[in-house]
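Undergrad: Prediction below, plus the sequence it came from.
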Amino acid sequence: MLTSNMVFGGIVIPWELLQQSFWPILIEGIKVTIPLTLISFFFGIIIALITALVRISNIKPLRWIFSVYVSAIRGTPLLVQLFIIFYLLPELNIMIDPYPTAIIAFSLNVGAYASEIFRASILSVPKGQWEAGFTIGMTYRKTLFRVILPQALRVSVPPLSNSFIGLVKETSLASQILVTELFRKSQQIGATNLDQIVYIYILAAFIYWIICFVLSLAQHQLERRLDRYTAR
Amino acid sequence: MLAVKGLKKTFGTNTVLKSIDMQVDKGKVIAILGPSGSGKTTLLRCLNALEIPDEGIVGFEDHQVDFSQEVKQQELIKLRRKSGMVFQSYNLFPHRTVLENVMEGPIQVQKRDKQTVRAEAIELLNKVGLKDKKDLYPYQLSGGQQQRVGIARALAIKPELMLFDEPTSALDPELIGEVLRVMRDLASEGWTMVVVTHEIKFAQEIADEVIFIDGGFIVEQGPPADVLTHPKEERTQRFLHRILNPIE
């Protein structure tokens, strides 16, 4: 076990501090960053699916509203969206903690981006599949849910996993609206160890990396399982 | 059983069907022939409202749809459920097994009893010679096998009329026979069939009536012995000559 600082050239690595900081930062990751990601992604996916279905439908006014939503979210920075929601909710007399505020912002963000993934994957299913559903007597809705979506969802898993892993890292922005997650915890520890702050941030990066590495392994497993009916 | 009157269909500025009248009697096999772009596939797809005609009537004895007026979605679905369709590119559901493909319509649409449907589906697969493939996925089958599953899936909803859209055109030559044999069996069982095809020999042997279409019109129709062996119209003669002597 390393207990003292190691010296490489002029660089002094503060092992002791890193060891002391590892668990507090990781615990905020497990307690805050991961749930924040999972919950936001869950709601984001629901919003995305609804948005995609409305945008491929022929319900004119709704289509227009959802298109504006997607365009606005994709056209503005996530950090700005976070701040707007953080300051807007109190204006509307909605008093909630920073944590649920962050969930709202991230869900809306994921919803817009992932809706484009769903829309593209629904459109990627050949037209003949719709027609096959119609000719065995199915309605539009039945064909959508029984024939088209199962195939489209398979196609959307890789890009969705990408968004998911992206979201893990984007949750660090929640530190800016006072959510004590992985990155804010590192900032706090860094603030009392200003001389070694860069090492604390490298440690934070390393922990993000571990989390994302584990998630990408899970992604490969999922894709392998979903591959059973395709021999492309 | 089915009467079509004054059917018209335009895509953009391209009028594909100019005015089609035809009649399909119960138990008869109608073969539709014609050069590429003649409108034969569009005509077939109008019969089950996969294409919505601009004008004309598609009428079964107990359900008539007049496309000159606004047609409700419910009417289209009702019309569509009269027929089963077999596609050129099979269009099997890739995420379901062979058996699930066949059972999908009766269970999901007709809400029939699962055990009965399963027994019937296995019987249908037996009829098309694929009972032992029932648990495979479509990608594990050859084109000819996939098309025979496509036929079983269409039969499973117990349609009044079977529509075939160039069912052998995507197949390797040595696989065409297995699909045509199944279709011949269906014809001899008394199924009413409308078949868009390029298989002249099949039309000659199986069809009760041949319709030759060109330029959005029915140019000639009648028993295969007349239309295919002694065509009256010059356009039919030219088409048949080209098909029978492709490299001349």
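TA: The structure has been received and is ready for your questions. Numbering: from 1, shown residues only, chains lettered A, B, ... in the order given.
Undergrad: could you pull out the helices for chain A?
TA: With helices called from DSSP state H, chain A shows them at A:15-28, A:34-56, A:60-74, A:78-91, A:98-124, A:127-135, A:140-143, A:149-170, A:182-191, A:197-226.
Undergrad: Smallest gap between chain B and chain A, at which residue?
TA: Closest to chain A within chain B is B:G105: 3.4 Å, counting by Cβ to the nearest Cβ. Where you see a C-beta, it was placed from the backbone N, CA and C, and this is true even at glycine.
Undergrad: Among the helices of chain A, which comes closest to B:R181?
TA: Between B:R181 and the helices of chain A, the shortest gap by Cβ to Cβ is with helix A:127-135, which sits at 22.7 Å.
Undergrad: Give the rounded mean pLDDT of that closest one.
TA: The average pLDDT for helix A:127-135 rounds to 97.
Undergrad: That one - contacts with which helices or strands?
TA: Counting contacts by 3 or more Cβ pairs under 8 Å, 6 or more residues apart in numbering or on different chains; DSSP states H and E, helix A:127-135 packs against helix A:140-143, strand B:83-86.
Undergrad: Show me the contact partners of the first one.
TA: This means helix A:140-143. Residues outside helix A:140-143 that contact it (Cβ atoms under 8 Å, 6 or more residues apart in numbering or on different chains): A:129-130, A:133-134, B:108-109.
Undergrad: for the last one, same thing?
TA: Contact with strand B:83-86 is made by A:131, A:135-136, B:47-48, B:50, B:147, B:150-151, B:153-157, B:159-165, B:167, as judged by Cβ under 8 Å, 6+ apart.
Undergrad: Can you classify B:S38 by secondary structure?
TA: Secondary structure state of B:S38, per DSSP: H, G, I helix; E, B strand; the rest coil, is coil.
Undergrad: For stretch B:30-46, what is the distance to the chain centroid?
TA: The chain centroid and the centroid of stretch B:30-46 are separated by 10 Å, computed with Cα atoms, centre = their mean, to the nearest Å.
Undergrad: Residue 11 bridge partners, please.
TA: Let's take chain A. Beta-bridge pairing for A:I11 (DSSP bridges): A:F8.
Undergrad: The intended chain is chain B.
TA: Beta bridges link B:F11 to B:N14 when assigned by DSSP bridges.
Undergrad: Within range of chain B, give me the residues from chain A.
TA: A:126, A:128-129, A:131-132, A:134-139, A:142, A:146-147, A:150-151, A:154, A:228-231 (Cβ under 8 Å from any Cβ of the partner chain).
Undergrad: Just the buried residues out of the residues you listed, in ChimeraX syntax.
TA: A single ChimeraX command suffices to select whichever of the residues of chain A next to chain B are buried according to 16 or more other Cβ atoms under 10 Å in any protein chain shown:
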select /A:129,131,132,134,135,136,137,138,142,146,147,151,154,229
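Undergrad: Skipping adjacent residues, who's closest to A:S124 in space?
TA: Of all residues not flanking A:S124 in the chain, A:V155 sits nearest, at 5.7 Å (Cβ to Cβ, 6 or more residues apart in numbering or on different chains).
Undergrad: quick one on the thing from earlier: do you know which of the helices and strands packed on helix A:127-135 lies nearest B:K127?
TA: Closest among those, using Cβ to Cβ: strand B:83-86, at 13.8 Å.
Undergrad: show me where chain B has strands.
TA: B:2-11, B:14-24, B:29-33, B:55-60, B:63-66, B:83-86, B:161-165, B:192-196, B:209-214, B:217-222 (DSSP state E).
Undergrad: Buried residues, the last one. List them.
TA: Same thing as strand B:217-222. Applying 16+ other Cβ under 10 Å to strand B:217-222 flags B:217-221 as buried.
Undergrad: and if you look at stretch B:137-147?
TA: So stretch B:137-147, judged by 16+ other Cβ under 10 Å, has buried residues B:137-138, B:141, B:143-147.
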